[in-house]
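1. Next input, structure requested:
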Amino acid sequence: MKHTIRFKYTMILAGVVALVIGASWIAINLCLEPYYMQRKQRTLIQANDELEQRLLRDGAVTGETKLYLRRIKENYNIEIFLWDSSRSVIYSSTEGDVLNSRGKDLLDYIVGEHESLELIAETENYEINKIYDKASGADYMELFSSFVGGRFSIMRVPLQSIQETVRMVNQFHLYVAFAVAGVGILAVWFLTKNMTDPILHLSSLAGRMANLDFTARYEGNDNREIEMLGQSMNYMSAQLEQTILELKTANLELKRDIEQKTKIDEMRREFLSNISHELKTPIALVQGYAEGLKEGVSEDPETMEWYCDVIIDEASKMNLMVKKLLTLNQIEAGREPLSMEHFDLLPVIQGVLNSYRLLLEQKEAKLVLKSPESLYIWADEYMVEEVIRNYMGNALNHLEGEKKVSLFVEKREEKAYIQVRNTGMPIPEADLERIWDKFYKVDKARTREYGGSGIGLSIVKAVMELHNCAYGVKNEEDGVSFFCEFDCN
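-> Got it, this is the predicted structure:
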């Protein structure tokens, strides 16, 4: 080590103190007097401009103007004298014997009792001079100005002996410099404790590392021993953090695998519970009516035929549910290949409507179809038909009120937009997101009436996600509308 920490701190502080003292001494001796004169000059010009504006505005020295001039006298010690074109005194800030004894000769008194020392500034409207007043034996900065109407004024402000001021300031500055130097020596003494701060900081870092906190880093980049040790600790901290991060990542992946397995088990249990619940009632009905036929509960042909119809109807419901489950399982498992075709959507829709024509008549439902003559889309034709069929079946099963089913087809930009809307009760907000889940039913009692299994909308969801297209549901004022989109190009 070339220099100790204490030596470096002492030299830095001594250099800063010497620089500040030297800079302030230069500023005082070179800049104080010009600054003082500039401030006085600016004050005179501002007062003169304000007086000129007031005279132009009022045309005479009003009480308000006199109040302003007295305030200038009190605040800035500016003597102000104002004459008209006949050299009559309009206003004088000098009170007492001078004004009373001189009267109209005041101008001669002011002008004649001094000698000009220096021209400071000159414009068309005013002239600023540094003068020496013999009567008072003092230097003044004097501004002579002429106004509209032949009026003119003299404003002057006494100049203190700037040289004496500089000497006093230098003397005061010397005292301050000694005081600063003394404080600096004491500061160096107390600042040497900084030698121990890096060591304490390293100790704190080690403690945090022991508690597996690797966010803090030692800040140092030179080649001294403490900084080198700090950089080594930073490297060790980074390595430990990386190792722990990898362990946490592996642990997180393991937890996700466990959660996924738990979720799959839960889904399997839920599926078995749902399918058991759905099959329990129709199986019980089939068994009960079959046993009744076997035991000869009734020999009436009509009753026996009714028993058989119930058995056939329940078997059909079970068969339809199994088919839907198989279709859904094939799509979700990816075993149902997506056969993309470019086909006209309208014949598919007409085919679905024709299959529901009898059911529409039975429910006395009114069908409203609004669509173009043709609209070609890119999709799997069989799956598109499944979506529309499920939407139409769902609309008819929940039909109420005016009993109107509306099917709208239109092209929106590059998409074919399909909407199936029915009049009836709205879906509760809490159920809007869950209706796409397998076996979920908003009204289980009513669903049982028309043989719903809660699988149709799950098929819609699987098909639309396989096509990567939008779908959804929303409540309307008088019913519910389902929609979906397919690519046109």
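
2. contacts for stretch 32-41?
-> Residues outside stretch 32-41 that contact it (CB atoms under 8 Å, 6 or more residues apart in numbering) are I120, A121, I128, M141, V157, L159, I162, Q163, T165, V166, V169. In short, each C-beta sits where N, CA and C put it, glycine included.

3. Can I take it that R434 is in a strand?
-> No - residue state for R434 (DSSP: H, G, I helix; E, B strand; the rest coil) corresponds to coil; a strand is not indicated.

4. Any idea how many residues pack against it?
-> 13 (other CB atoms under 10 Å).

5. Please apply the same query to I388.
-> So I388, with other CB under 10 Å, has 22 neighbours.

6. so it is in which element?
-> helix 381-397 (DSSP states H and E).

7. what mean pLDDT does that helix have?
-> Helix 381-397 shows a mean pLDDT of 87.

8. Would you mark the buried spots in that helix?
-> Neighbour counts over helix 381-397 (16 or more other CB atoms under 10 Å) mark 381, 383-397 as buried.

9. CA atoms only: put it into PDB for me.
-> The C-alpha coordinates for helix 381-397 follow below in PDB (Å, rounded to 0.1, in the frame of the first residue of the first chain):
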ATOM      1  CA  GLU A 381     -66.800 -28.900 -41.200                       C
ATOM      2  CA  TYR A 382     -67.800 -31.700 -38.800                       C
ATOM      3  CA  MET A 383     -66.700 -29.700 -35.700                       C
ATOM      4  CA  VAL A 384     -68.300 -26.500 -36.900                       C
ATOM      5  CA  GLU A 385     -71.600 -28.400 -37.200                       C
ATOM      6  CA  GLU A 386     -71.100 -29.700 -33.700                       C
ATOM      7  CA  VAL A 387     -70.700 -26.200 -32.300                       C
ATOM      8  CA  ILE A 388     -73.800 -24.800 -34.100                       C
ATOM      9  CA  ARG A 389     -75.900 -27.900 -33.200                       C
ATOM     10  CA  ASN A 390     -74.900 -27.500 -29.500                       C
ATOM     11  CA  TYR A 391     -75.700 -23.800 -29.500                       C
ATOM     12  CA  MET A 392     -79.100 -24.400 -31.200                       C
ATOM     13  CA  GLY A 393     -80.000 -27.300 -28.800                       C
ATOM     14  CA  ASN A 394     -79.000 -25.200 -25.800                       C
ATOM     15  CA  ALA A 395     -81.200 -22.200 -27.100                       C
ATOM     16  CA  LEU A 396     -84.200 -24.400 -27.600                       C
ATOM     17  CA  ASN A 397     -83.900 -26.200 -24.200                       C
END
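
10. Next secondary structure element downstream of that helix?
-> strand 404-412.

11. helices or strands up against whichever helix or strand comes after that next one?
-> Downstream of strand 404-412, the first helix or strand assigned by DSSP H and E is strand 415-423. In terms of contacts (3 or more CB pairs under 8 Å, 6 or more residues apart in numbering; DSSP states H and E), strand 415-423 is packed against helix 345-355, helix 381-397, strand 404-412, strand 479-487.

12. Of those, which is nearest L457?
-> helix 381-397 (6.5 Å; CB to CB).

13. Which parts of the stretch 1-150 of the chain are helices?
-> 5-58, 63-76, 97-102, 106-112 (DSSP state H, counting those that start in this stretch).

14. what is the orientation angle of the longest one with helix 63-76?
-> Helix 5-58 and helix 63-76 are oriented at 160 degrees to each other (axes from the mean of the first three to the mean of the last three CA atoms, to 10 degrees).
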